[in-house]
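**Q** here is a sequence with its predicted model. Questions after.
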Amino acid sequence: MPETTTEVRADIEQTRERMSGAIAELERKVDVTQRVKDHPWAAVLVAFGAGVALSASKADMKAAQVTSHATRETGSKLGGALDGVVAALIAGVAEAFHSRIDGMVADVVTTIKGDSSGRSTGQSDRRPEPPIRAD
């Protein structure tokens with residue numbers, strides 16, 4: 001049975017209206033705020049029942065244990081990594097400090113040796129010996 005374009009468009013329009021009505025009905029049924037306004041005592045009872053059920057399930061205790069365990073593992077892994085970084089940083093700073101001090105001591109030794117040989121310029125014919133370190 002061949003349909004005309006007008007009949008097809010009218011059928012599509014009717015289908016859209018039915019779908020719009022069905023969607024509006026679903027939205028009204030799912031609207032929790034309106035349901036609570038319509039039935040406040042039922043909403044209070046449902047909330048109370050959900051609270052009792054959750055407290056009886058000990059889900060909060062299980063979640064706390066899992067969180068504590070995960071935090072402990074992460075903390076130890078992160079602590080180990082940070083310990084390595086801090087150790088490397090301190091070693092680098094100590095090495096730079098020792099190098100700087102050794103350079104200053106070498107300058108002082110060169111200056112002293114230069115003054116004792118009668119030269120006022122602080123220059124010597126031979127290279128200064130590196131100082132003995134206590135570490």
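**A** Arrived safely, thanks for sending.
**Q** okay, and for the protein, where does confidence drop off?
**A** 1-2, 74-77, 115-128, 134-135 (pLDDT under 70).
**Q** for this protein, which helix is longest?
**A** helix 59-116 (DSSP state H).
**Q** next, residue 132: phi, psi?
**A** Main-chain torsions, residue 132, degrees, to the nearest 10: phi -80, psi 130.
**Q** mind checking how far it is from residue 87?
**A** 26 Å (Cβ to Cβ, to the nearest Å). Every C-beta, even on glycine, is put in place using the N, C-alpha and C of the backbone.
**Q** ok, those two, which is more surrounded?
**A** residue 87 (10 against 6; other Cβ atoms under 10 Å).
**Q** residue contacts, that one?
**A** Counting by Cβ atoms under 8 Å, 6 or more residues apart in numbering, residue 87 makes contact with nothing.
**Q** roughly how far does it sit from residue 96?
**A** 15 Å.
**Q** got it, and residue 39?
**A** Taking Cβ to Cβ, one finds residue 39 at 74 Å from residue 96.
**Q** kindly report the same for residue 65.
**A** For residue 65, the distance to residue 96 - Cβ to Cβ - is 47 Å.
**Q** same deal with residue 20?
**A** 75 Å.
**Q** SS state for residue 130?
**A** Classification of residue 130 using DSSP: H, G, I helix; E, B strand; the rest coil returns coil.
**Q** who's in contact with it?
**A** 102, 106.
**Q** next up, phi/psi of residue 54, please.
**A** phi -70, psi -40.
**Q** repeat for the one 3 residues further on
**A** In terms of degrees, to the nearest 10, the main-chain angles of residue 57 are phi -80, psi -10.
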